[in-house]
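Chemist: coordinates only, no sequence provided:
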């Protein structure tokens, strides 16, 4: 589905990505791992057209390079950005319907009712302004907002960062439910214990380069090496 092949890019004259390669097959969960500042979020921004790239990024065989962010989103990518970035002056309901669509013609599309079943708290707070929600509730809202675009590929940047353990558990439960439905997901997070169980493939970035990749078995086998790249 999504392919990055030897991608480079950055901000102005500052190059951040030097050689990033990864693949997200349909229906699989793929993680992008690495310490802070290694290029994970910049890679996501490159996928979404927020960081210019010339070659190397394709979705279902078609290049995303040079496309505008809104055009890339319409191609079927839903983003849950780092820091959530919900619309603070809109209600929960308004956030969810603001970008709702079903361009991919899903047979069982995400609707307000389905989002409420996935996250009952959002249903309870439908008329609250997003700025009044807790951090965990805002993360649920950001995920719900992305799902309401009915994406083929969902990208979650720092899925559980800064959340209380109980809320973190709810987010992981949500991701498991999405996996059961066959949702393709590119996931950035630091909780290796959960990722080992949940994800199908893993890629590690170090200073803007893909330095390791493998499946679950490889992650277990190369645990010591992996820890040198992602450990604190």
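Modeler: Perfect, thanks for sending it. Please read all numbers here as calculations on a predicted model, not as lab measurements.

Chemist: buried residues in the longest helix along the chain?
Modeler: Secondary structure assigned by DSSP state H gives helix 165-180 as the longest helix of the chain. Of all the residues in helix 165-180, those buried under the rule 16 or more other C-beta atoms under 10 Å are 167-168, 170-172, 174-175, 178-179. All C-beta atoms are positioned from the backbone trio N, CA, C, and that covers glycine.

Chemist: got any ranges where the protein has weak pLDDT?
Modeler: Applying pLDDT under 70 to the chain flags the ranges 232.

Chemist: any idea what residue 31 is bridged to?
Modeler: Residue 31 has these beta-bridge partners by DSSP bridges: residue 187, residue 202.

Chemist: surely it is in contact with residue 194?
Modeler: No - counting by C-beta atoms under 8 Å, residue 31 sits too far from residue 194 to count as a contact (10.1 Å).

Chemist: residue 148: neighbour count?
Modeler: Residues within reach of residue 148, counting by other C-beta atoms under 10 Å, total 23.

Chemist: for it, give its distance to residue 94.
Modeler: Going from residue 148 to residue 94 by C-beta to C-beta, to the nearest Å gives 12 Å.

Chemist: out of everything not next to it in sequence, what's closest to residue 210?
Modeler: Nearest residue to residue 210 in three dimensions, chain neighbours excluded: residue 21, at 4.8 Å (C-beta to C-beta, 6 or more residues apart in numbering).

Chemist: buried set for the helix or strand where the one you found lies?
Modeler: Residue 21 belongs to strand 14-24 when assigned by DSSP states H and E. Residues of strand 14-24 classed as buried: 16-17, 20, 22, 24 (neighbour count, 16+ other C-beta under 10 Å).

Chemist: could you dump those to a markdown table with distance to residue 228?
Modeler: Formatted as a markdown table, those follow (distance: C-beta to C-beta, whole Å):
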| residue | distance to residue 228 |
| --- | --- |
| 16 | 21 |
| 17 | 21 |
| 20 | 19 |
| 22 | 20 |
| 24 | 25 |
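
Chemist: can you tell me which two in the residues you listed are farthest apart?
Modeler: 16 and 24 (20.5 Å; C-beta to C-beta).

Chemist: more crowded one of residue 31 and residue 194?
Modeler: residue 31 (25 against 19).

Chemist: for the more buried one, give its distance to residue 117.
Modeler: On the measure of C-beta to C-beta, residue 31 and residue 117 end up 26 Å apart.

Chemist: go on, residue 181?
Modeler: 13 Å.

Chemist: mind jotting down where the helices sit in the chain?
Modeler: Per DSSP H, the chain has helices spanning 40-47, 69-74, 92-98, 112-118, 120-124, 135-147, 165-180, 192-198, 216-221, 223-230. These are given in chain order.

Chemist: quick one: the longest one to helix 135-147, angle?
Modeler: Okay, so that is helix 165-180. Angle between the axes of helix 165-180 and helix 135-147 is 20 degrees (criterion: axes from the mean of the first three to the mean of the last three C-alpha atoms, to 10 degrees).

Chemist: and the contacts of helix 165-180?
Modeler: By C-beta atoms under 8 Å, 6 or more residues apart in numbering, the residues outside helix 165-180 that reach it are 29, 118-119, 134-136, 139-140, 143, 154, 156, 159-160, 163, 185, 187, 191, 194, 198.

Chemist: out of those, which are buried?
Modeler: 29, 118-119, 136, 139-140, 143, 154, 156, 159-160, 163, 185, 187, 194, 198.

Chemist: count the residues that sit near residue 200.
Modeler: 15.
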